[in-house]
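**Q** Okay, predicted coordinates and the sequence, questions at the end:
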Amino acid sequence: MHDVINHLINTVFGLGWPGWAISLIAYLLIATILFMIVPFQMLFLTYFERRAIARMQDRVGPNRVGPEGIFQPVADGVKMFTKEDIVPDAADKWVHLIGPGIVVAPTMFMFAVLPWGPGMVPFDMNIGLLFFFAISSVSAVGLMASGWASNNKFALLGAMRAVAQMVSYEIPAVLSLLAIVLVTGSLSIVDLITFQSGLFISSSDVPGIPDFGLGWFVFTPVGFLAFIAFFIAALAEGERTPFDIPEADSEIVAGYMTEYSGMKFGLFYLAQYVLNFLLCAITAIIFFGGWQGPGVGWLYAQAITPANPAGNGLFNVLAGVLGVFYFLAKTYFFFFVMVWVRGAYARLRIDQLMDFGWKLLIPLTLVNVVSAAIWVGLTKWGAADGLAFVEGWAPLMRWAVAFVITLVMNLVAYFFLVRVYSQSQDERARLDDEVLERLTNVA
Amino acid sequence: MDIQRGNIIVMDRRRGTLRAGQGLLQGLKVVWDHWVGSFRKNDNFSQIHGTFTIEYPDERMKLPQAYRNMPVLLYDDETGQELCTACYQCARACPPEVIHITQAKDPNTGKMVPASLEFIIEYDACMSCGLCAEACPFDAIKMDHFYELSTDNRMGLMQRKADLNRPVSYYTSIAPDLWDEVKEGAMKKLQGSIKRRPDVIGIAGHLSEKIAARRRQLAAEAAASPPAPVAAAPAAPAGKLSPEEKAAKLAAMRAAKAGGAEPAAEAPAPAAELSPADAKAAKLAAIKAANAAKKAAESPAAEVPAAPLDEKAAKLAAIRAANAAKAAAEAPAAPLDEKAAKLAAIRAANAAKKKSE
Ligand code: SF4
Ligand code: SF4
């Protein structure tokens, strides 16, 4: 965007504006576009989810407002806006008011580092991934604030659960990303995507692999395990079923949203769906190559880029369109999976959630980090790093050995940990039964 | 998978062979199958896949005949006669007591008639139990299939007889088999109660042409019967009389009695011995009253709500005529008597006319 604006103002009109003015205009423009896209994404996601879940339950879903009900979210939005805003007497008014804002704001910040297509990233931070996850945890503060300020036991319970859940599931999420970061050696999201070119094998691991934009991390054992762990953690972060414990409507009304109505409630909804979109997007980016796909790399090579200033502007557009298409298709696929999971599974109990996170996911991702280290050693290190024996192998050979070793490691770790975990769960269920029996016998 | 009705399905969940994570995948598979299957419609309800939704305002479910929503009253298509006889069985059976009935009375005799004057059901409190329809010995109240009853008017759900009346043909269209079962008995009982209904009582109020036809029929019957001879008052013609005729006859009889009372105090009062003037006057008054009443009944302006008024006026006229005749009989001067009787007759006629207008 910066380049385009610079080209337009300084080259076409010849105004010679300073760099900071160009940057300001460019970022304002980008921010405006994003703020327009984001609510529409949210509207569409709610519609998409309702239609998809309805189909899974043999229903039709909202289909009466507009063609196939596409304007249903707009009608809901109008309803939200016109509803009365009720603040409980006993609530802490100011905290109650800014709570939803604190929840929504981080989700908007996260868009700053999200690449939509080749060369289409609002701001390519070199610590993009860190920024993304650091900023996402800020919304826990908003949840806690609004739950606490509502002065309602259900709201407080919901907020407590939300925070506990977010905190414990950030660990497996970040650990699984750590494995990927080890492999790429970069925290920049754009680097992550460029790393995933190739065909089932990343062309960064094995040079000379044809670039079909399919060198995704999910095709490696390390990436696959990380993907599974990360996606489960993402479900928990986004408070999706089966981890929608903070707002479990059958237990605690609506969790931290209990005392909210009107557009403040709408803001929570917005935050939740935008966060879900972002989590699906980051899953697609980190493990499924983001905008990578057949053809994008070739198109982008012909386009005007800093590396290739003599390219053709048309290819910029083509690469952009195709890249955004791939990216959104993957993102919506993951959102569909979220809906699918919601349709299939029952809600976990809070202790099951904690058990699952701490006793299964975290050990698994820890093992995965070790696997990633082995992967990096086998594919990238040489004599200088103390691994002289791999020097003589061909890159493909090195890749294959790394693949087999990490696969075996991860499989063994998975089966071992699942066994231990299920035994502990069985033991626990048995103890519960015993206690129950004792209690019933006494009674 | 096909599910046959009435069969017990034993699901094979293969519990023992599940590996870690396999149950989760099976759950996903089930939901996926439903998702894929939902793109076609499930028509016969024996399949577990496919959309079941009937998109209500656009398409409706076919209701079974025995479906019941709210009770309605039936009337016969041909004669317009309501089947209900105001026997109160339904009101007694109704658990929330939402049925309110007023029985019709013969305006002339004041006797109860097997028909309802007003029949109210409070639909808002009716619980669609159908006990009223079960209880009715005349199959006059039946459960309707219509369910779009919502209204923004609180009293909009208090249904009067005019709102409740449905022709039998409507009921046969929604529940033909159920009607066939009871048809014969119901129509037979209806014929019986029609015989005991004077005038247009019991005809569904909105059927003005049926009411007019019934009036014409009654008038024709009355005209066909021989005129009532004053002297042979006790031996009245056996033909069916309309209430007006009855009333006029009654008046005539009374007038005759009154006329004969004074002069023939000691005698057994044979009609021939009456003073001719008195008798004549009374007879005239009676005939005039009867005519006026008939005219009122036949007048084309006689709308449904006006009918009871007409009858009332006729009755009033007859009573007045009778009174006048009595007065004439008591007075000593014959010409005066005659005059008074005449006057009374004219007055009666005027009154009747005025009322009918
Ligand atoms: S259906 Fe039941 S509640 Fe309704 S009027 Fe008949 S008896 Fe009463
Ligand atoms: S509807 Fe039936 S039960 Fe009710 S009063 Fe009329 S005849 Fe009797």
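**A** Everything's here; your move. Ligands and ions are numbered 1, 2, ... in the order given.
**Q** Would you map the strands across the chain?
**A** Reading this off chain A. A:198-199, A:201-202 (DSSP state E).
**Q** oops, I was thinking of chain B
**A** Under DSSP E, chain B gives strands at B:71-75, B:99-105, B:112-122, B:141-143, B:158-159, B:165-167.
**Q** Out of those strands, which is closest to chain A?
**A** strand B:141-143 (30.0 Å; Cβ to the nearest Cβ). All C-beta spots, glycine's among them, are computed from the backbone N, C-alpha and C.
**Q** near ligand 1 at all, that closest one?
**A** No - with Cβ under 6 Å from any ligand atom as the criterion, ligand 1 is not reached by strand B:141-143; the gap is at least 6.8 Å.
**Q** Other residues contacting that strand?
**A** B:67-74, B:84, B:90, B:128, B:130, B:132-133, B:166, B:171, B:175, B:178 (Cβ atoms under 8 Å, 6 or more residues apart in numbering or on different chains).
**Q** ok, back up a step: adding distance to chain B, write the strands of chain A out as a markdown table.
**A** Output for those, formatted as a markdown table (distance: least, Cβ to the nearest Cβ, whole Å):
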| stretch | distance to chain B |
| --- | --- |
| strand A:198-199 | 28 |
| strand A:201-202 | 27 |
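**Q** Pick the most buried one from those.
**A** strand A:201-202 (a mean of 22; mean count of other Cβ atoms under 10 Å in any protein chain shown).
**Q** for it, what is the average pLDDT?
**A** What strand A:201-202 shows for mean pLDDT is 72.
**Q** Please apply the same query to stretch B:74-85.
**A** 87.
**Q** can you count the residues close to B:E181?
**A** 11 (other Cβ atoms under 10 Å in any protein chain shown).
**Q** no wait, A:T331
**A** Neighbours of A:T331 (other Cβ under 10 Å): 25.
**Q** For chain A, what lies in contact range of chain B?
**A** A:52, A:55-60, A:63, A:340-341, A:343-345, A:415, A:418-419, A:422 (Cβ under 8 Å from any Cβ of the partner chain).
**Q** Swap in 6 Å and give it another go.
**A** By the rule Cβ under 6 Å from any Cβ of the partner chain, the part of chain A lying against chain B is A:55-56, A:58-60, A:343-344, A:418.
**Q** Can you pull out the low-pLDDT segments for the chain?
**A** Since you didn't name a chain, this refers to chain A. Low-confidence segments of chain A, defined by pLDDT under 70, span residues A:1-7, A:11-12, A:14, A:203-206, A:208, A:305-313, A:383, A:386, A:388, A:442-443.
**Q** Correction: the question concerned chain B.
**A** B:1-21, B:45-46, B:226-286, B:288-318, B:320-322, B:324-342, B:344, B:348, B:351-357.
**Q** domain ranges for it?
**A** Domain segmentation of chain B under automatic domain parsing yields B:71-219, B:243-356.
**Q** distance between the ends of the first one?
**A** End-to-end distance of domain B:71-219: 36 Å, with Cα to Cα, to the nearest Å as the criterion.
**Q** Please see if that domain touches ligand 2.
**A** Yes - residues of domain B:71-219 contacting ligand 2 under Cβ under 6 Å from any ligand atom: B:84-90, B:101, B:135-136, B:138, B:140-141.
**Q** Dump those residues into JSON lines; add neighbour count as well.
**A** Output for those, formatted as JSON lines (neighbours: other Cβ atoms under 10 Å in any protein chain shown):
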{"residue": "B:C84", "neighbour count": "27"}
{"residue": "B:T85", "neighbour count": "24"}
{"residue": "B:A86", "neighbour count": "24"}
{"residue": "B:C87", "neighbour count": "18"}
{"residue": "B:Y88", "neighbour count": "13"}
{"residue": "B:Q89", "neighbour count": "19"}
{"residue": "B:C90", "neighbour count": "25"}
{"residue": "B:I101", "neighbour count": "18"}
{"residue": "B:A135", "neighbour count": "16"}
{"residue": "B:C136", "neighbour count": "23"}
{"residue": "B:F138", "neighbour count": "22"}
{"residue": "B:A140", "neighbour count": "27"}
{"residue": "B:I141", "neighbour count": "25"}
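**Q** what does the stretch 101-250 of chain B put close to ligand 1?
**A** B:121, B:126-132.
**Q** Of those, which is the nearest to A:A301?
**A** B:S128 (73.3 Å; Cβ to Cβ).
**Q** What residues does the closest one make contact with?
**A** Residues near B:S128 by Cβ atoms under 6 Å, 6 or more residues apart in numbering or on different chains: B:68-69.
**Q** ok, now A:L378?
**A** For A:L378, counting by Cβ under 6 Å, 6+ apart, the contacting residues are A:398, A:401-402.
**Q** can we see that at 7 Å?
**A** A:390, A:398, A:401-402 (Cβ atoms under 7 Å, 6 or more residues apart in numbering or on different chains).
**Q** Same check on A:I201?
**A** A:209, A:215, A:399.
**Q** top of the residues you listed by neighbour count?
**A** A:G215 (24 neighbours).
**Q** Based on its surroundings, how many neighbours for B:T172?
**A** Counted with other Cβ under 10 Å, B:T172 comes out at 16.
**Q** just checking, it touches B:W179?
**A** Yes - with contact defined as Cβ atoms under 7 Å, B:T172 reaches B:W179; the gap is 4.8 Å.
**Q** Look up how far ligand 1 lies from the nearest residue to A:L278 once chain neighbours are set aside.
**A** Computed as Cβ to Cβ, 6 or more residues apart in numbering or on different chains, the closest residue to A:L278 that is not its neighbour in sequence is A:M110, at 5.2 Å. Between A:M110 and ligand 1 the computed distance is 60 Å (Cβ to the nearest ligand atom, to the nearest Å).
**Q** Give me the neighbour count for A:F224.
**A** 18.
**Q** check contacts around it.
**A** Contacts of A:F224 by Cβ under 7 Å, 6+ apart are A:V218.
**Q** Great, nothing more from me.
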